[in-house]
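Engineer: quick one: sequence and predicted model below, then my questions.
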Amino acid sequence: MIKCGIIGFGKMGQIRAEAIEQTQLGEVLAVYDTRDLTECVYPIVASEEALLKDPNIDAIFICTPNYRIVPLTKAALQAGKHVFSEKPPAFTAAEVESVRRVEVDSGCKLVYGFNHRHHGSIQKMKQIVDSGSMGKLLWMRGRYGKEVDAAYFDGWRADPNLAGGGIMLDQGIHMLDLFLHFGGEFDVIHSLVSSLFWKTEGLEDNVFSILKNSKTGVCASLHSTMTQWRYLFSLEIFLEGGALILNGLKTSSGVYGNEDLAIKYNTENPQGGQFEREEHIIYHTDLSWREEVTHFFEAISKDTPILLGNSDDALRLMRAMDRIYENR
């Protein structure tokens, strides 16, 4: 069993604790949070240092506000702990590079929480794209949006110094990660960054981005928004032989609707205006949290590489994010 400590026991810390228990490969030994944890079912320690120095703890889960992620990740690695950190991995690519130097010296496993890669629909899409059964990937379009009200500005996410950015770093980063997952590295990136409604410097409410992988020619467009006024997740992937259309995403809140993957196959004459056939897969259960933690634990116990959400992925992601934020 992998013995775990959790720093930050808000919503994400509690989700991770549940996932740890579900894997049956790990257990939560202790947690720490600056807030009152009277009702917490796990042992509580008095400081972050107490977790980092505990010789019985193998892995640290970092579930804190964004500005704490880089220093805590480094401290945990330097303490000889394997690290599972929430996103974003940092505010810039340069910060990720500084973490990677510590990671190499530590010899420990480091993974970042990009659970969307572990959704059943995404895994199915990835399998189809990589198999080549529907031809080459041509282009992608992603839209990820939600609503926020004035209460949003009572929390740390509304402070650019603590959050590092607005909706793109908070939520759009998942869509960007999926683009990299499917399309490789994008070297051409153009963006428009807007804070037209909430008017908070350093806290964008919309990002429109166009990306291109010059080696493959694959292009993608991304819209990340918090003025959608409703919840929306839509990822469309077009290939030579048809399309993969994912609408909705299964979450604990259910606000993004059913996770509905449509696989559309072209006819011999794709200009005819109709697909030859179409199948739908509805995913009723979100197993992404459990799958992601299982991947982390197995890498530790078997001493195998982190394949999804590793620091290479984080560096590519934040390099793209740096380019997007050039116009902020």
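Structural biologist: Received, thanks. Numbering: from 1, shown residues only.

Engineer: what are the ranges of the strands in the protein?
Structural biologist: 2-7, 26-32, 59-62, 82-86, 110-113, 137-147, 188-194, 206-212, 219-225, 227-239, 242-247, 259-266, 275-283 (DSSP state E).

Engineer: make JSON lines from these and add distance to V102 and mean pLDDT to it.
Structural biologist: Every residue, glycine included, has its C-beta placed from N, CA and C. Below are the strands of the chain laid out as JSON lines (distance: least, Cβ to Cβ, whole Å; pLDDT from 0 to 100):
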{"stretch": "strand 2-7", "distance to V102": "17", "mean pLDDT": "98"}
{"stretch": "strand 26-32", "distance to V102": "21", "mean pLDDT": "97"}
{"stretch": "strand 59-62", "distance to V102": "13", "mean pLDDT": "98"}
{"stretch": "strand 82-86", "distance to V102": "10", "mean pLDDT": "98"}
{"stretch": "strand 110-113", "distance to V102": "9", "mean pLDDT": "98"}
{"stretch": "strand 137-147", "distance to V102": "31", "mean pLDDT": "96"}
{"stretch": "strand 188-194", "distance to V102": "28", "mean pLDDT": "96"}
{"stretch": "strand 206-212", "distance to V102": "30", "mean pLDDT": "97"}
{"stretch": "strand 219-225", "distance to V102": "30", "mean pLDDT": "98"}
{"stretch": "strand 227-239", "distance to V102": "33", "mean pLDDT": "95"}
{"stretch": "strand 242-247", "distance to V102": "36", "mean pLDDT": "97"}
{"stretch": "strand 259-266", "distance to V102": "37", "mean pLDDT": "95"}
{"stretch": "strand 275-283", "distance to V102": "37", "mean pLDDT": "90"}
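
Engineer: low-confidence ranges in this structure?
Structural biologist: Residue ranges of the chain with pLDDT under 70: 269-273.

Engineer: now with 80?
Structural biologist: Filtered on pLDDT under 80, the chain yields the residue ranges 267-276, 327-328.

Engineer: next one: S224 from G183, what distance?
Structural biologist: From S224 across to G183, the span is 17 Å (Cβ to Cβ, to the nearest Å).

Engineer: the more surrounded of those two?
Structural biologist: Ranked by neighbour count (other Cβ atoms under 10 Å), S224 and G183 place S224 first, with 29 against 20.

Engineer: was I right to think that one contacts I167?
Structural biologist: Yes - using Cβ atoms under 8 Å, S224 is in contact with I167, at 5.2 Å.

Engineer: residues shared between the contacts of those two?
Structural biologist: Common neighbours of S224 and I167, using Cβ atoms under 8 Å, 6 or more residues apart in numbering, are N206, V207.

Engineer: quick one: the residue lying closest to I237 once chain neighbours are set aside from W139, how far?
Structural biologist: Residue nearest to I237 in three dimensions, not counting chain neighbours: L244, with 4.3 Å by Cβ to Cβ, 6 or more residues apart in numbering. Computed as Cβ to Cβ, the L244 to W139 distance reads 12 Å.
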